[in-house]
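Visitor: Provide a 3D model corresponding to the input given below.
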Amino acid sequence: MSDPGARRTDVETRRQQIVDAASACARRAGFHGSSMAEIAQQAGMSVGQIYRYFDSKEAIIAAIVARDMAEMRDKYCELQSSGVPVRDAILNKCVNAIDDLYASDRAALMLEVVAEAARNPDVAAILQAADAEERKMQQALLRQAFPADLDDRERAARGEVISMLFEGLPCRGVNNPGGDRAAISAELRSVLHHLMTRPGGTPKG
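Guide: Sure, this is the predicted structure:
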């Protein structure tokens with residue numbers, strides 16, 4: 001009798017093989033410019049085999065986004081369980097964040113996903129759903145790090161600014177890969193510290 005666990009592992013391995021191939025194609029030619037045939041060739045599979053695991057290119061992109069979200073959940077859990085105050089844990093991650101998001105392969109793939117979302121409503125919906133999940137995790141974390149007098153509106157706005165800072169790093173990694181990362185990290189820490197310690201006071205209008 002076959003082992004269901006082994007079959008599940010084989011399916012997961014095949015799916016990962018396809019996701020890795022699609023990621024490589026996207027970095028080289030963009031999702032829009034990569035056909036299923038090219039993804040299949042990169043994966044060493046037939047197009048028919050690809051469709052056994054994913055019914056569309058959008059489904060492959062969804063798997064890439066899901067993989068990134070799994071990594072994101074792990075990072076939030078790590079911040080929560082670091083053993084230091086949440087604010088300090090966030091600040092301590094600045095150097096790692098810059099190194100990770102400046103990495104050319106990672107930056108290229110992230111920017112390609114966003115570019116595809118800008119022209120494909122199905123991919124936009126995938127990305128927006130992931131962003132909504134991440135914002136919930138972010139706000140739960142930031143309630144512990146931000147001043148207690150912030151209302152929901154200002155806490156959400158500050159969280160959005162923090163997201164802008166981190167999501168802009170891949171663009172800077174592409175446009176200015178030789179930037180002084182130590183100096184950038186110090187300034188990023190300063191901006192984050194300001195956002196997480198300045199009392200509330202956003203106009204209510």
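Visitor: What segments of the protein are helices?
Guide: Secondary structure of the chain, counting by DSSP state H: helices at 4-29, 36-43, 47-53, 57-80, 86-92, 94-102, 104-119, 121-145, 152-167, 169-175, 181-197.
Visitor: How about the most centrally placed residue in the chain, nearest residue that isn't a chain neighbour?
Guide: Central residue of the chain (CA atoms, centre = their mean): D68, 5.1 Å from the mean position. Nearest non-adjacent residue to D68, counting by CB to CB, 6 or more residues apart in numbering: A130, 7.5 Å away. For the C-beta atoms, the positions are set from N, CA and C on the backbone; glycine is no exception.
Visitor: quick one on the thing from earlier: I'd assumed D131 was in contact with the residue nearest to the centre of the chain.
Guide: No - using CB atoms under 8 Å, D68 is not in contact with D131; the gap is 11.0 Å.
Visitor: picking up where we left off before, how close does the residue nearest to D68 get to M137?
Guide: According to CB to CB, to the nearest Å, A130 and M137 sit 11 Å apart.
Visitor: hang on, the earlier thing: mind listing what the residue nearest to D68 touches?
Guide: Listed by CB atoms under 8 Å, 6 or more residues apart in numbering, the contact set of A130 reads V65, A66, D68, M69.
Visitor: domain parsing for the chain?
Guide: 1-55, 57-197 (automatic domain parsing).
Visitor: got the end-to-end distance for the last one?
Guide: This points to domain 57-197. This stretch, domain 57-197, spans 44 Å end to end (CA to CA, to the nearest Å).
Visitor: what's the average pLDDT for that domain?
Guide: Per-residue pLDDT over domain 57-197 has a mean of 93.
Visitor: Can you tell me the closest non-neighbouring residue to A37?
Guide: Here the residue nearest A37, using CB to CB, 6+ apart, is V47, at 5.6 Å.
Visitor: should've said A156
Guide: Leaving aside its chain neighbours, A156 sits nearest to Q139 (6.8 Å; criterion: CB to CB, 6+ apart).
Visitor: Might you report the residue contacts of that neighbour?
Guide: Counted by CB under 8 Å, 6+ apart, Q139 has contacts R155, A156, G159.
Visitor: hmm, which of these are the buried ones?
Guide: Buried residues within the contacts of Q139, counting neighbours by 16 or more other CB atoms under 10 Å: R155, G159.
Visitor: Throw the contacts of Q139 into CSV and include distance to G178, thanks.
Guide: Output for the contacts of Q139, formatted as CSV (distance: CB to CB, whole Å):
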residue, distance to G178
R155, 36
A156, 35
G159, 30
